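In: dropping a prediction and its sequence here:
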Amino acid sequence: MLDLIILSLHFFICFLISIVIWRGPKDVDLHPSSTETVAVEPDGLILIGKEDDIKKSQRVTAKVNGREVVIFYHEGKFHAMDSRCYHEGGPLCLGEIEDIDGQACIICPWHKYTITLETGEGLYEGINPLEPSPTPQWQSKGVKQRIHKVTLDKGNVYVSPPDLSVSFDSDYFADKYKNNGDLGMEK
């Protein structure tokens, strides 16, 4: 009976933690309200912010054509991708960046899915069971996360709007979380 009480308490605490993470503090949002006008340049680029500000914070979120995008500054390079993980919509802005086989990757904080910052490829560690002594090796699932092109000009950081003629797994959650990071209600 005590085991059942402890198990129930454990599930309740995990539930509360997941609510806190889901509703917790958001990353820096340079365009927090939907009424704020986003600066769109004549060539279609969307102004995200000042290069120095983003370098200091190392990651920011912004709205790009209604999508929440996270911009990372890591090891001297800027990267931008949909802010919600392709797997279950986890907040990538809260993930840790790790080097995996020479590639900078964001690790989703919810289920530890690994995504390359450069290409949006989903990576997994697998083995070949036909080998006599199989050792785990990193392998690609293909491009799963939408990547956005980053442009630097005169101290400003710009992101290109997404090319929606090509779809990615992360599009599902980008569409679902259009209301300031909260799950949007479909009409």
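Out: That came through fine.

In: quick check: mean pLDDT of the helix or strand that contains residue 54?
Out: Residue 54 belongs to helix 51-57 when assigned by DSSP states H and E. Averaging pLDDT along helix 51-57 yields 96.

In: assumed residue 69 was part of a strand.
Out: Yes: applying DSSP: H, G, I helix; E, B strand; the rest coil, one finds residue 69 inside a strand.

In: thinking it is in contact with residue 62, fair?
Out: Yes: using Cβ atoms under 8 Å, residue 69 is in contact with residue 62, at 5.8 Å. In this view, the C-beta of every residue, glycine as well, is placed from N, C-alpha and C.

In: quick check: neighbours shared by those two?
Out: Overlap of the contact sets of residue 69 and residue 62 (by Cβ atoms under 8 Å, 6 or more residues apart in numbering) consists of residue 159.

In: circling back to that earlier point, put the alpha carbons of the helix holding residue 54 into CSV.
Out: Only the C-alpha atoms of helix 51-57 are listed here, as CSV (Å, rounded to 0.1, in the frame of the first residue of the first chain):
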residue,chain,number,x,y,z
GLU,A,51,24.0,41.3,-33.3
ASP,A,52,25.7,42.3,-30.0
ASP,A,53,22.5,41.7,-27.9
ILE,A,54,22.0,38.3,-29.4
LYS,A,55,25.7,37.4,-28.9
LYS,A,56,25.4,38.3,-25.2
SER,A,57,22.2,36.3,-24.5
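
In: many thanks, have a good one.
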